[in-house]
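Peer 1: Sequence and predicted structure below; questions after.
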Amino acid sequence: MLVRDLQCLLATLYGVEIDADVRDYLVTDAAALVPWSAQGQVRARAEQLLIEQGDGEIGLALYLEQAVLDHLAADDPRCALDGRNLADFCLAVEGVSHFNYVAWNAARDTAVTLLELELQAEVDKYACVRALLGAQAHPGQARVLDALFDEPVFDPVLDPVERRRYAEASRFATGYCRRLQQRFPSGTPVAGLVRELRTFYRWSQPAKVSHIHTAMLS
């Protein structure tokens, strides 16, 4: 299943162990999210990580719209990633990224901010697209990567605070990933890029943002 492959790809790229199998937490039926609605966590969006905290533990559920998964099953990005499936592929990566990052940090008793979660997901999209395109020797790799940095379109249901957070995460990630692309211009993630990504993954939000500012100025 694609979501499990994405979980393993991200765990391998970042050199981390995620004990929880994302397939056990995947929800594709919107009706199953009704119990979460009382907590104000459910809206009409194609991807959402739902988190419940209590008694020193967290409960997770990753919602991905069935239509997204059906499209990716019919037009498998593991065989060919291009403009036809890139948007839905990025949605799936975003959801799995959120799941992995929360689960990994929770296992280390480390809190994460919402901005940090969104920023890491944007970087994860770039890393996964690089990995797949490199493995496929994609002739239009540069064009597909550039599409990740196009002017972002935000979900209209976002409130102003959420929209600012998503816009900030997109701005930071775009500057950082463009710099990575300059330093490591083609092919599968090489050793230097992997080292950079693994270091970035382990930093807190302030360290991530500080590093991005430095990278964008260098």
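Peer 2: All right, it came through fine.
Peer 1: I figured residue 21 hits residue 4, correct?
Peer 2: Yes: at 6.9 Å, residue 21 and residue 4 qualify as touching, with contact defined as Cβ atoms under 8 Å. Where you see a C-beta, it was placed from the backbone N, CA and C, and this is true even at glycine.
Peer 1: for the chain, where's the lowest mean pLDDT among helices and strands?
Peer 2: Using mean pLDDT, DSSP states H and E, helix 34-37 stands out as the lowest-scoring helix or strand of the chain, at a mean of 68.
Peer 1: Heading C-terminal from that helix, find the next helix or strand.
Peer 2: As assigned by DSSP states H and E, the chain's next helix or strand after helix 34-37 is strand 47-54.
Peer 1: partners of that next one, with directions?
Peer 2: Applying DSSP bridges to the sheet, strand 47-54 is found paired with strand 57-64 (antiparallel).
Peer 1: okay, the angle between the helix or strand following the strand it pairs with and strand 47-54?
Peer 2: Where DSSP H and E defines the elements, the next helix or strand beyond strand 57-64 is helix 66-74. Angle between the axes of helix 66-74 and strand 47-54 is 120 degrees (criterion: axes from the mean of the first three to the mean of the last three Cα atoms, to 10 degrees).
Peer 1: So which elements touch helix 66-74?
Peer 2: helix 2-14, helix 86-107 (3 or more Cβ pairs under 8 Å, 6 or more residues apart in numbering; DSSP states H and E).
Peer 1: Now tell me what touches that helix from outside.
Peer 2: 2-3, 28-29, 46-47, 85, 88-89, 91-92 (Cβ atoms under 8 Å, 6 or more residues apart in numbering).
Peer 1: Over to stretch 184-202?
Peer 2: The contact list for stretch 184-202, computed with Cβ under 8 Å, 6+ apart, reads 13-16, 120, 123, 127, 130-131, 134-135, 141-142, 176, 180, 183, 208, 211.
Peer 1: Tell me how far it lies from the chain's centre.
Peer 2: Chain-centre distance of stretch 184-202: 16 Å, with Cα atoms, centre = their mean, to the nearest Å.
Peer 1: do the same with stretch 197-204
Peer 2: The chain centroid and the centroid of stretch 197-204 are separated by 14 Å under Cα atoms, centre = their mean.
Peer 1: avg pLDDT for that stretch?
Peer 2: The pLDDT scores in stretch 197-204 average 97.
Peer 1: Can you list the buried residues in that stretch?
Peer 2: 197, 200-201 (16 or more other Cβ atoms under 10 Å).
Peer 1: can you check stretch 101-121 too?
Peer 2: In terms of neighbour count (16+ other Cβ under 10 Å), stretch 101-121 has its buried residues at 101-106, 112, 115-121.
Peer 1: So for that stretch, mean pLDDT?
Peer 2: Mean per-residue pLDDT for stretch 101-121: 95.
Peer 1: still on that earlier bit, switch the buried residues of stretch 197-204 over to JSON lines; also include distance to residue 164 and secondary structure.
Peer 2: JSON lines is the format used below for these (distance: Cβ to Cβ, whole Å; DSSP: H, G, I helix; E, B strand; the rest coil):
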{"residue": "197", "distance to residue 164": "26", "secondary structure": "helix"}
{"residue": "200", "distance to residue 164": "22", "secondary structure": "helix"}
{"residue": "201", "distance to residue 164": "24", "secondary structure": "helix"}
